[in-house]
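In: give me the fold of what follows.
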Amino acid sequence: MINILFCGNDKVFDGMMTTMLSIFNRTKTKESFNIYIYTMDVSDIKPQYLALSDSMASYLDKIAKDYNPNNKVTKIDVLDYYNKEFRNSPNESCYCSPYTLLRLFADIIPNMPDKLLYLDCDLMFNGDIEKLWNIDIEKYEYAAANDHYGKFLINPRYINAGVLLFNMKKMRETNLLGKARELIRLKKLTFADQSAIIRSTTKKKLISQRFNDQKFLYKKTIIRHFSKRLFYLPYPHTDNIKQWNVEKVHKVFKYHQFDDIYEKYFKLKEEFEKIK
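Out: A predicted model of the protein is given here:
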């Protein structure tokens, strides 16, 4: 069983769908997938902060089961945890959204597995997920790759938290996420949950950039992370092109490696719109 965690609202439904499709279409594993989705409605903070709907979660479950009947997508409403831990905290209006904080509940939500792969919703797999999942982390709290910019600007071992292979058993022993939650409650942090995780880490395993490549797509790249990046032409600027912005992926990045996945994505999205 490969256990995956997504966190987000209805706005990243397309991200979850495309990431899942890339996983299923780039792996040869016969193992089943158990996919958890932490979500919540905090529209009192911003009107657009709505939970992933039941119909969206059910459709993602249908997609997963089309590949393997034993696959399962489970939506978990974490609003009660959020209200208890982070409501009115200094990081509630953090650089991204409150949904980035939800992975910090993985140790206190019941029945979560001992090994768990957290994934941001703006990823595409270019290689087999088993190459990441099978990394030995028995002696570590988690495995992560460098942050492309942070390794130059902050620290050579500074990690990007968009792909985290959690050893939940070890993290419960060291109380990593408990310490991270306390930091979120007490202090405004530059990168909120990412900063809290890094500051609370006892022992991490640094893995190859190919497991979380935030700028380039090489033949050896396993995961291309479509995070905000710097462009130098036609003038220095940043842009936040996501994988579901297919036209821009083609025009700006000139990527066609995912076209087989996009073909399925368009068909499924059209089907979902008809049945919604």
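In: okay, which residue is most central for the chain?
Out: Nearest to the mean C-alpha position of the chain, by Cα atoms, centre = their mean, lies Asp120 at 1.6 Å.
In: what about that residue, distance to Asn160?
Out: According to Cβ to Cβ, to the nearest Å, Asp120 and Asn160 sit 9 Å apart. Placement of C-beta: from N, CA and C, glycine included.
In: swap in Leu183?
Out: Distance from Leu183 to Asn160, by Cβ to Cβ: 18 Å.
In: please apply the same query to Leu79.
Out: Leu79 is 27 Å from Asn160, by Cβ to Cβ.
In: what's the mean pLDDT across the host helix or strand of Leu60?
Out: According to DSSP states H and E, Leu60 maps onto helix 54-67. Mean pLDDT, helix 54-67: 97.
In: following it in sequence, what is the next regular element?
Out: strand 72-77.
In: between Leu79 and Asn160, point out the one with more neighbours.
Out: Ranked by neighbour count (other Cβ atoms under 10 Å), Leu79 and Asn160 place Asn160 first, with 23 against 14.
In: surely Met171 touches Leu177?
Out: Yes. Using Cβ atoms under 8 Å, Met171 is in contact with Leu177, at 6.0 Å.
In: between those two, what contacts are shared?
Out: By Cβ atoms under 8 Å, 6 or more residues apart in numbering, Met171 and Leu177 have these common neighbours: Ala106, Asp107.
In: run through the helices of the stretch 151-276 of the chain in chain order.
Out: Using DSSP state H, counting those that start in this stretch, the helices of the stretch 151-276 of the chain run over residues 168-174, 176-186, 192-200, 246-248, 259-275.
In: which stretch among the ones you listed comes nearest His148?
Out: helix 192-200 (13.4 Å; Cβ to Cβ).
In: any regions of the stretch 51-200 of the chain where pLDDT drops low?
Out: Along the stretch 51-200 of the chain, the parts satisfying pLDDT under 70 run over 94-95, 149-153, 155-156.
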